[in-house]
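K.L.:
sequence? don't have it. structure:
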């Protein structure tokens with residue numbers, strides 16, 4: 001007979017408790033996962049949802065520099081001296097006053113005001129658009145840097161990576177190999193031996 005430290009009632013209670021815990025575990029896991037998802041949403045989604053990119057995607061544009069692709073934009077073109085749209089669209093108070101003054105006689109405008117009015121409509125003048133840039137210096141400098149780095153890499157490989165030059169590339173070996181090809185009359189019709197004069201012992 002096996003001696004058991006528990007009574008039958010205690011054994012039944014322990015079995016019922018284990019069964020209830022086993023049935024409760026899936027629900028507990030589900031509740032834990034839900035709480036984790038809520039915590040992630042509240043901790044990470046709120047700062048991300050308040051960014052300008054998300055607000056712009058929902059029609060709440062917070063940046064005044066965002067361009068609308070459906071509206072014609074200003075471009076500097078030599079073949080179009082008068083653009084359909086002005087360079088500056090959103091005028092400040094000083095620029096509005098200058099535009100109102102533009103409607104009057106231009107003799108009252110100073111040289112600086114005329115230049116400011118021009119800059120409201122055009123970004124660059126024709127000489128400024130025709131003026132060459134110094135970008136070629138950057139490109140040429142980048143090419144020289146790349147060539148210098150490549151040369152240093154090849155030099156490093158020749159010293160520390162590559163082995164010695166094979167003996168088959170030496171002048172003595174090449175001379176012997178050439179003489180052997182002449183003696184074997186390699187391709188005498190129109191190839192190597194064809195160019196050798198076997199009577200005069202010299203190249204044709």
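P.N.:
Received the coordinates, thanks. The structure presented is a predicted model; accordingly, all values stated were derived computationally and were not measured.
K.L.:
which stretches of the protein form helices?
P.N.:
Secondary structure of the chain (DSSP state H): helices located at 8-40, 46-49, 52-57, 93-102, 111-121, 126-130, 135-156, 171-183.
K.L.:
okay, now the closest residue to residue 81 other than its chain neighbours: neighbour count?
P.N.:
Excluding the flanking residues, the one nearest residue 81 by CB to CB, 6 or more residues apart in numbering is residue 126, at 7.8 Å. Using the backbone N, CA and C atoms, a C-beta is placed for each residue, glycine as well. Residues near residue 126, counting by other CB atoms under 10 Å, number 11.
K.L.:
Please apply the same query to residue 142.
P.N.:
Neighbours of residue 142 using other CB under 10 Å come to 10.
K.L.:
Now stretch 88-101: buried residues?
P.N.:
If you call a residue buried by 16 or more other CB atoms under 10 Å, then stretch 88-101 has these buried ones: residue 98.
K.L.:
average model confidence for it?
P.N.:
Mean pLDDT, stretch 88-101: 92.
K.L.:
neighbouring contacts of that stretch?
P.N.:
Applying CB atoms under 8 Å, 6 or more residues apart in numbering, the external contacts of stretch 88-101 come out as 64, 108, 109, 113, 116, 117, 119, 120, 121.
K.L.:
Go ahead and confirm the last one touches residue 85.
P.N.:
What that stands for is residue 121. No: assessed by CB atoms under 8 Å, residue 121 is found out of contact with residue 85, at 9.4 Å.
K.L.:
what's the pLDDT at residue 16?
P.N.:
57.
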